[in-house]
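>>> Got a sequence here, can you build the structure:
(chains A and B)
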Amino acid sequence: MIAGLILIPFIIGIAALLLKNISKYLLFAGAVFHALLTIFCWFKQPLPMLGGWLGIDSVGMLFLSITSLLFFVVSIYSLSYLEDESEEEKADILGVPSKSLFVACQLFFLSAMTLVITSQHLVVMWIAIEATTLASAPLIFFHRNPRSLEATWKYLLICSVGVALALLGNFFLGISASTNNKQISLVLNDLLSNASQLDPEWLKAAFILIVVGYGTKMGLAPLHTWLPDAHSESPSPVSALLSGALLNCAFLGIFRIYQICNKAGMTTLTSDVLIAFGLFSLAVSAIFILGQNDYKRLLAYSSVEHMGLLALGIGFGASGVFGSMLHTLNHSITKATLFLLAGVILLNYRSKKINEVRGILFNSKSLGILWLLGFLSISGSPPFGIFVSELTIIKAGFEQGRHIIAIITLVLLSFIFIGMATAFLNMTNGKTPTEKPLKLKPAMIYPPVVLLICSLILGFYIPLPLKEIIKNIANY
Amino acid sequence: MLTNLKLLASSRLGSSIRTIAVQGSLLGLLPLFIEPDPFQFRFIFLAICTILIKGVVFPILLFKALNAADVSREVQPYVGYISSLLFGVVSLIIAFWLGNVLSLKNLPDSSLIVPVSFFGIFSGLFLIISRKRAINQVLGFLVLENGVFAFGAGVIGVTSLLIEIGILLDIFVALFVMGITVFHISQECDHIDTDKLSTLKD
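Model prediction:
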């Protein structure tokens, strides 16, 4: 089962490299297979593999569902996105047309992310996280211009170095796990049940290194510098996957070490470090969102903001963990919606500048309304899901007695709201007609609509099985 | 360790790459000296793989990228060579100090491993931030990765064949992708100076 989840996208990816003509449909096929297997996992818990190295626990189930849902939606969107990009066909890499390469890398990316989510062994997880970097680098480079090249280079170098530090952190964890009489394996369950025997000094060092390493990948400020570039320069479906699925995988890495440290009784250290990173990310994103003039960068900084909130949530502990997990789901859904819509706007207006995009509502009612609804959802207005999860996180802060931090969070969130409102309203209002009427393909409009409806439902009601799973995670 | 100092000082890319190859091969032999029973199949297999990838495949890939990008000498780096060497000496001292401070239980033979690996990590980071050419930054990344690898191999020992191969494979693909990117940078921009890659900022 797990092998299927990981290997099927990989094999279809290789097939996409070989069968160049039908690669587009292979992307869709891969997404469907993955989604079906994921749904199957909900009904029947898959057995662990390779002696417990791979397995799906509650956290894994949640993240797997998010990844699978997003990939499915994005694959439908990509079908018509690739058609629109066809005019810009450029030279091939190693004799493979750029579109097949794009499809193949997307599938490899899916496979690597699934491996991250299912791996219970921390070094296997490291290998998988590095693999996600490598599989997604060619995706960012899709447009083949100097700007995307620069973004790709920054992404590769910063993330690889960051993740190399995380490997060092994993080795430190290995040292802390070798006690006098026996060696505890780096499998999560082993570590959790023997947490009290871990050497605390080495564990602390390991925690810091892993948070810094995976934090680079997750986009926690001040390690976020690659993120706005990569998100703004990559094609929109890729931005949606990077923001909605990849950042979660890095967050999962941090969450695992957080679990171990908490079991070993180091809650003060872990929560202080995570809250510091979270608050700093919020502050940095607030500064850059105010006065931002590129709407894809705006969305990228908003991802930094929400990653900060996730870190804050698990830093607060207890019900904050519940909030964070719910927030992961909500953020992924909403941010993917917005990036997909941004792709539609970009194709029509041919500009990423906020001041060059005017009058979306005037030119197309439906796109304008969707863009505004997306804004309301991402900025945490009721009745969307993010409102509920942000509220849970901040409430957890007050419950834990961290009043000042919770208040600062609220203030920063309101700054971000103002900054985003200015940008979004400027784009929708006005009566400037575009040269050509807007081209809205159904396959590029309905995927974001579906996601937006999901976000709306989550604002009112969390389905029972989902609630069970998130509760399981929070009560670890 | 000497190889790292050489890297900090050298300006010719070709010799840097050869130095890295030597470093990688030494790294491959490392587990054989540390393990009490070095002649098991998996240790030898691993050593051969490491030497093959780090000592043979990497240099070939790097030289290819070098030819494609058509450069052989480093332009003026951000930090001069003499100060780089000074940095090397300072970080060597820090590495030894760290090696003394960090208490490692039940590891009698590895008194040198910790300083060596930390020195590799420091030099790698320093090479990445102080050099302008994209290809030099790749070299810096390799040195950093070698340092981490030395730490893992030296201190923890060979954890598991599958994992070690996985890590090696990852680094291999990383280098491959980076090589392609370097090639594209040189094609698109007629140079591989990363300080000219600065259009994207806020």
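>>> can you give me the helices for chain B?
B:2-9, B:13-34, B:41-50, B:58-69, B:81-101, B:113-130, B:134-151, B:161-189 (DSSP state H).
>>> ranking these by mean pLDDT, which is last?
Looking at the helices of chain B, the lowest mean pLDDT belongs to helix B:2-9 (a mean of 57).
>>> pLDDT at residue A:72, what is it?
91.
>>> who wins for proximity to residue A:338 among the helices of chain B?
Proximity to residue A:338 (CB to CB) singles out helix B:161-189 among the helices of chain B, at 28.3 Å. Every C-beta, even on glycine, is put in place using the N, C-alpha and C of the backbone.
>>> Make sure residue A:428 is actually in contact with residue A:372.
Yes: applying CB atoms under 8 Å, one finds residue A:428 in contact with residue A:372, separated by 5.8 Å.
>>> Tell me the residues of the stretch 101-250 of chain A that contact chain B?
Contacts of the stretch 101-250 of chain A with chain B, taken as CB under 8 Å from any CB of the partner chain, map to A:121, A:123-124, A:126-127, A:130-131, A:133-134, A:137-138, A:141, A:144-147, A:149-154, A:156-157, A:160-161, A:164-165, A:167-168, A:171, A:174-175, A:178, A:180, A:186, A:228-229, A:232-233.
>>> Please identify the deepest-packed of the helices of chain B.
Most buried of those, by mean neighbour count (mean count of other CB atoms under 10 Å in any protein chain shown): helix B:134-151, with a mean of 25.
>>> Who are the packing partners of that one?
helix A:146-176, helix B:2-9, helix B:13-34, helix B:58-69, helix B:113-130, helix B:161-189 (3 or more CB pairs under 8 Å, 6 or more residues apart in numbering or on different chains; DSSP states H and E).
>>> again, only using 6 Å
helix A:146-176, helix B:13-34, helix B:113-130, helix B:161-189 (3 or more CB pairs under 6 Å, 6 or more residues apart in numbering or on different chains; DSSP states H and E).
>>> The last one close to chain A?
So the one you mean is helix B:161-189. Yes: if you take CB under 6 Å from any CB of the partner chain as the test, helix B:161-189 does meet chain A, through B:163, B:166, B:170, B:173, B:174, B:177, B:178, B:181, B:184, B:185, B:188, B:189.
>>> Determine the angle, from 0 to 180 degrees, between that helix and helix B:41-50.
Relative orientation of helix B:161-189 and helix B:41-50, computed by axes from the mean of the first three to the mean of the last three CA atoms, to 10 degrees: 10 degrees.
>>> Helix B:161-189 vs helix A:146-176, what angle?
Going by the same axes, to 10 degrees, helix B:161-189 makes 160 degrees with helix A:146-176.
>>> Point out the other helices and strands that helix B:161-189 packs with.
Packed next to helix B:161-189, using 3+ CB pairs under 6 Å, 6+ apart, are helix A:122-140, helix A:146-176, helix B:58-69, helix B:134-151.
>>> switch to 8 Å and redo it
helix A:122-140, helix A:146-176, helix B:41-50, helix B:58-69, helix B:134-151.
>>> what angle sits between that helix and helix B:134-151?
170 degrees.
>>> Just want the residue of the stretch 301-450 of chain A that's nearest chain B.
Closest approach between the stretch 301-450 of chain A and chain B, counting by CB to the nearest CB: residue A:301, at 8.7 Å.
>>> can I assume that residue is in contact with residue A:290?
No: using CB under 8 Å as the test, residue A:301 is too far from residue A:290 to be in contact (9.8 Å).
>>> who's more crowded, these two?
residue A:301 (30 against 15; other CB atoms under 10 Å in any protein chain shown).
>>> Where does that one sit, in terms of helix or strand?
helix A:295-316 (DSSP states H and E).
>>> returning to what we had before: spit out the contact partners of the residue of the stretch 301-450 of chain A closest to chain B.
A:228, A:284, A:285, A:288, A:289, A:292 (CB atoms under 8 Å, 6 or more residues apart in numbering or on different chains).
>>> Just give the nearest non-adjacent residue to the fourth one, would you?
So the one you mean is residue A:288. residue A:301 (4.7 Å; CB to CB, 6 or more residues apart in numbering or on different chains).
>>> How about the first one?
In this structure, residue A:228 finds its nearest non-sequential neighbour in residue A:300, 4.2 Å apart by CB to CB, 6+ apart.
>>> first vs last residue of stretch A:226-239, how far apart are they?
Length of stretch A:226-239, first residue to last, CA to CA, to the nearest Å: 13 Å.
>>> pLDDT averaged over that stretch, what's the number?
89.
>>> Now do it: distance to the chain's middle.
12 Å (CA atoms, centre = their mean, to the nearest Å).
>>> now swap in stretch A:105-121 and tell me
13 Å.
>>> Stretch A:65-72 now?
11 Å.
>>> Kindly report the same for stretch A:348-362.
Chain-centre distance of stretch A:348-362: 26 Å, with CA atoms, centre = their mean.
>>> Say whether chain B is contacted by that stretch.
No: applying CB under 8 Å from any CB, one finds stretch A:348-362 separated from chain B by no less than 11.6 Å.
>>> Could I get the buried residue list for that stretch?
A:348, A:349, A:352, A:354, A:357, A:358, A:359, A:360, A:361 (16 or more other CB atoms under 10 Å in any protein chain shown).
>>> In contact with residue A:217, which residues are there?
By CB under 8 Å, 6+ apart, the contact set of residue A:217 is A:129, A:133, A:159, A:162, A:163, A:246, A:247, A:249, A:250, A:253.
>>> Chain B: which of those residues is nearest?
Using CB to the nearest CB, the contacts of residue A:217 come closest to chain B at residue A:133, 7.7 Å.
>>> Just give the nearest non-adjacent residue to that closest one, would you?
Counting by CB to CB, 6+ apart, the residue nearest residue A:133 is residue A:159, at 4.7 Å.
>>> residues near the one you found, how many?
28.
>>> And residue A:21, by the same measure?
Neighbours of residue A:21 (other CB under 10 Å): 8.
>>> A helix includes it, no?
No: assessed with DSSP: H, G, I helix; E, B strand; the rest coil, residue A:21 is coil; it does not lie in a helix.
>>> Distance of it relative to chain B?
24 Å (CB to the nearest CB, to the nearest Å).
>>> for residue A:163, what are its contacts?
Residues near residue A:163 by CB under 8 Å, 6+ apart: A:126, A:129, A:130, A:133, A:213, A:214, A:216, A:217.
>>> Does stretch B:16-26 reach chain A?
No: counting by CB under 8 Å from any CB, chain A is not contacted by stretch B:16-26; separation bottoms out at 15.3 Å.
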